[in-house]
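Peer 1: quick one, structure for this:
(chains A and B)
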2 protein chains.
Amino acid sequence: MEFKINNECFNNALSNVSKIVSAKTPLPILSGIKIVADDSGLTLIGSNSDIVIEKLIPLTIDGVKVLEIYKTGSVVVSAKYFSEIVKKLPNYIHVKVIDNHLITIQSDDIVTNLNGFISDEYPNLPELNYDNNIKIPGNELTEIIKQTVFAVAKSESRPILTGVNMSFEENKLICVATNSHRLALRELSIESNVKGSYIVPSSSLNELMKLLGSCSEIIDIFLTENYIIFKSNTISFFSRLIEGNYPTISGLIPKESKTVITLKTKQFLQGIDRASFLASEWKNNNVNLEILEGSKIRISSNSSEVGKISETQSSKIISGQGDLNISFDGTFMVDALKVIKEEEIKLTFGGSMRPILIEPINHSSYLHLISPVRSY
Amino acid sequence: MEFKINNECFNNALSNVSKIVSAKTPLPILSGIKIVADDSGLTLIGSNSDIVIEKLIPLTIDGVKVLEIYKTGSVVVSAKYFSEIVKKLPNYIHVKVIDNHLITIQSDDIVTNLNGFISDEYPNLPELNYDNNIKIPGNELTEIIKQTVFAVAKSESRPILTGVNMSFEENKLICVATNSHRLALRELSIESNVKGSYIVPSSSLNELMKLLGSCSEIIDIFLTENYIIFKSNTISFFSRLIEGNYPTISGLIPKESKTVITLKTKQFLQGIDRASFLASEWKNNNVNLEILEGSKIRISSNSSEVGKISETQSSKIISGQGDLNISFDGTFMVDALKVIKEEEIKLTFGGSMRPILIEPINHSSYLHLISPVRSY
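Peer 2: This is a model prediction of the structure:
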């Protein structure tokens, strides 16, 4: 294998792939990146226990030649050393492999020799089933992930709750995440011929968000028995699926309400954030919300050692009773409010021991639920 | 005590002071910030085991009123909670103290009550001796600190080496730092009537650098038996001194040379940085430097497991023998080269087991020494 490549373009691609690769793996070859040079360009493959990323560098980018393949072939290089060395090289990079695993990297007068692995030992990628195909713009995909993934369970005691449940229905995708004390749900209209539910690890989705950034390119989603694959023009992102049945959530969303109020999202977020800070010594970060007379609410919390905080804000009571006093985990509310882009929200209460329903005004396709906690 | 203050201005001052205060201290009151309100303004005092910072907020800044004192007095507040709460408040902040330690912080409709400490229990500041006075522009002070402080010993086995030795001579300041394997020395002409040497903890100097930033205001330096004090218009920074006699270094600087070469600083830095990266599995980060025929040098390193790197660069041989092969800790060289602003440097070698002298070209007032290591 032998090729010459623009260093900036090589760096970007290596950093996309190498950051998920762990140096600590029982199989040394998995600490590496597989590089394949063929007539279409260079393919980089890296993986960890949840994810495989495959990145293609074509011969030209926007009409500019960035890569020249002198000899096709493949090799596995140390993710850590190879990508760091390449980062430190000033110019076009000339890579040559001898005996299938001895790599020479040359740039100007700088010559590096690294020991690699023979690429045959690197595991094969899962095969794609091109029939199950969903199309979704990259920026919409990252938005629905961002609006749900924070709500997954952090503890591994129920592994299915550490993932986001993606349900594909006819031309609709529903993402749900819950840790059983709070829940986030987001719907999106999409182009899809797939039906079924798949639980995707939150760690994979967080990586995918970073990788996609604000790219608005159309992403193709494919599904296999064990994998979900997100595919753009140059990147294929494989994530394992979590096995098991996700809890049905349709019964959780309250149908009845005692009180409905509307609030300004940002102002309410800042108030809850202040109160949460002082509540941090409580097990559940207890923040108290009370409806006062005259369309006001009071947000408060207290810590016996440090002190207490209390503030009033204006609200509109849409319907129902005006007396309500409820406590909840302030950090859960902050998380939910942070991903709501709309200026106003609607809070629906079914009583002081029923979940609080949080919905943006003028956007019916997402909602958050937060269970109240007992205040002492 | 009672005052009303602009929140931005209060935040900045609190953050200057609170970031050095540790929440873990055997004396709870030292986890606090002392606030004193008098007719001249508000004074904030915070400390840790090495440093005391005193920050004054005047009544007006650049002609704009930022502070109103309604009642003088003092209190000690929790550094962590008080400064975080103030950061989260939207507007002018009204602070009121009842019974000497119950603090009410109000901003718009947000009311916070915090428990404080009675300020009498907070230790007094060291008294300044206004006779020992040195004047130095802030940006020059941060520059000479930056150019020496990295070279101190990280280990506490010889405490005096964890500090920078500041020697004041008539109108001259010499800063020296060494870990006994490398040394950095910087001289500066200053206005001073002080003579004597003082060892200042590197941790204090690092904090001082951050605090001063790129400010070019004149800093007054005062000395007491146990403290050095750096004073600007609004900040007094007290650092304890390290007791003991700093080693005399005049004998260490080589007088004789076998070979002198000049190199481009940046290019040499990048070469050493690349070679250091592969050398990181060695105990001393061994990087090898060899003078080749025809005014070239070769920088190289190798790691039995990972691979090796080698590059050639152009140099000018100023004098002496052309054959030299020397190994040294590459990270020490990187540290030294990073603080040299001049485009070219001069390396002076006394042989493969003598320290390497590194000096910028056209700047006689600073130098670095690095001991070679045996290569295997």
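
Peer 1: what pLDDT does A:Tyr376 get?
Peer 2: Per-residue pLDDT puts A:Tyr376 at 55.

Peer 1: over to A:Ile103?
Peer 2: Per-residue confidence (pLDDT) for A:Ile103: 96.

Peer 1: just checking, what packs against the helix or strand hosting it?
Peer 2: Assigned by DSSP states H and E, A:Ile103 falls within strand A:102-107. Packing partners of strand A:102-107 (3 or more CB pairs under 8 Å, 6 or more residues apart in numbering or on different chains; DSSP states H and E): helix A:79-87, strand A:93-98, strand A:110-115. All C-beta spots, glycine's among them, are computed from the backbone N, C-alpha and C.

Peer 1: buried stuff in that strand?
Peer 2: For strand A:102-107, the neighbour count (16 or more other CB atoms under 10 Å in any protein chain shown) marks A:Ile103, A:Ile105, A:Gln106, A:Ser107 as buried.

Peer 1: same question, stretch A:352-360
Peer 2: A:Ser352, A:Arg354, A:Pro355, A:Ile356, A:Leu357, A:Ile358, A:Glu359, A:Pro360.

Peer 1: A strand includes A:Ile340, no?
Peer 2: No. Counting by DSSP: H, G, I helix; E, B strand; the rest coil, A:Ile340 is not part of a strand but coil.

Peer 1: could you measure from it over to chain B?
Peer 2: 19 Å (CB to the nearest CB, to the nearest Å).

Peer 1: and that residue, how many residues sit next to it?
Peer 2: When neighbours are defined as other CB atoms under 10 Å in any protein chain shown, A:Ile340 has 21 of them.

Peer 1: likewise for A:Val194?
Peer 2: Number of residues near A:Val194 (other CB under 10 Å) recorded here: 17.

Peer 1: quick check: it touching A:Leu223?
Peer 2: Yes. At 6.4 Å, A:Val194 counts as touching A:Leu223 under the criterion of CB atoms under 8 Å.

Peer 1: between those two, what contacts are shared?
Peer 2: Counting by CB atoms under 8 Å, 6 or more residues apart in numbering or on different chains, the residues touching both A:Val194 and A:Leu223 are A:Asn132.

Peer 1: quick one on the thing from earlier: tilt between the strand holding A:Ile103 and strand A:93-98?
Peer 2: 160 degrees (axes from the mean of the first three to the mean of the last three CA atoms, to 10 degrees).

Peer 1: just the C-alphas of strand A:102-107, formatted as PDB.
Peer 2: The C-alpha trace of strand A:102-107 is given here as PDB (Å, rounded to 0.1, in the frame of the first residue of the first chain):
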ATOM      1  CA  LEU A 102       5.700  -1.800   8.600                       C
ATOM      2  CA  ILE A 103       4.600   1.700   7.900                       C
ATOM      3  CA  THR A 104       6.800   4.600   6.800                       C
ATOM      4  CA  ILE A 105       5.300   8.100   7.000                       C
ATOM      5  CA  GLN A 106       7.200  10.800   5.300                       C
ATOM      6  CA  SER A 107       6.600  14.600   5.200                       C
END
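
Peer 1: pairing partners for it, with directions?
Peer 2: Sheet pairing of strand A:102-107 (DSSP bridges) gives strand A:93-98 (antiparallel), strand A:110-115 (antiparallel).

Peer 1: who touches it?
Peer 2: Strand A:102-107 has contacts (CB under 8 Å, 6+ apart) with A:7, A:75, A:77, A:82, A:85-86, A:89-98, A:111-116, B:307.

Peer 1: filter these down to the buried ones.
Peer 2: A:7, A:75, A:77, A:82, A:85-86, A:89, A:92-95, A:97, A:111-116, B:307.

Peer 1: which residues pair with A:Leu292 across the strands?
Peer 2: With DSSP bridges as the rule, A:Leu292 is bridged to A:Lys296.

Peer 1: gap between it and chain B?
Peer 2: In terms of CB to the nearest CB, A:Leu292 sits 11 Å off from chain B.

Peer 1: count the neighbours of that residue for me.
Peer 2: Neighbours of A:Leu292 (other CB under 10 Å): 14.

Peer 1: please enumerate the helices of chain A.
Peer 2: Assigned by DSSP state H, chain A shows helices spanning A:7-18, A:79-87, A:138-149, A:202-212, A:265-278, A:330-338.

Peer 1: now do the residue in the stretch 151-300 of chain A that chain B sits nearest to, the pLDDT please.
Peer 2: When scored by CB to the nearest CB, the stretch 151-300 of chain A has A:Arg274 as its residue closest to chain B, at 4.6 Å. Listed pLDDT for A:Arg274 reads 94.

Peer 1: wait, it touches A:Lys308, no?
Peer 2: No. A:Arg274 lies out of contact with A:Lys308 (CB under 8 Å); the separation is 11.4 Å.

Peer 1: need phi/psi at A:Asp323.
Peer 2: Per-residue torsions, A:Asp323: phi -110, psi 120 (degrees, to the nearest 10).

Peer 1: turn the strands paired with strand A:102-107 into CSV, columns for mean pLDDT.
Peer 2: As requested, these are exported to CSV (pLDDT from 0 to 100):
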stretch, mean pLDDT
strand A:93-98, 96
strand A:110-115, 95
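
Peer 1: out of those strands, which comes closest to B:Ala151?
Peer 2: Closest to B:Ala151 of the strands paired with strand A:102-107 is strand A:110-115 (CB to CB; 27.8 Å).
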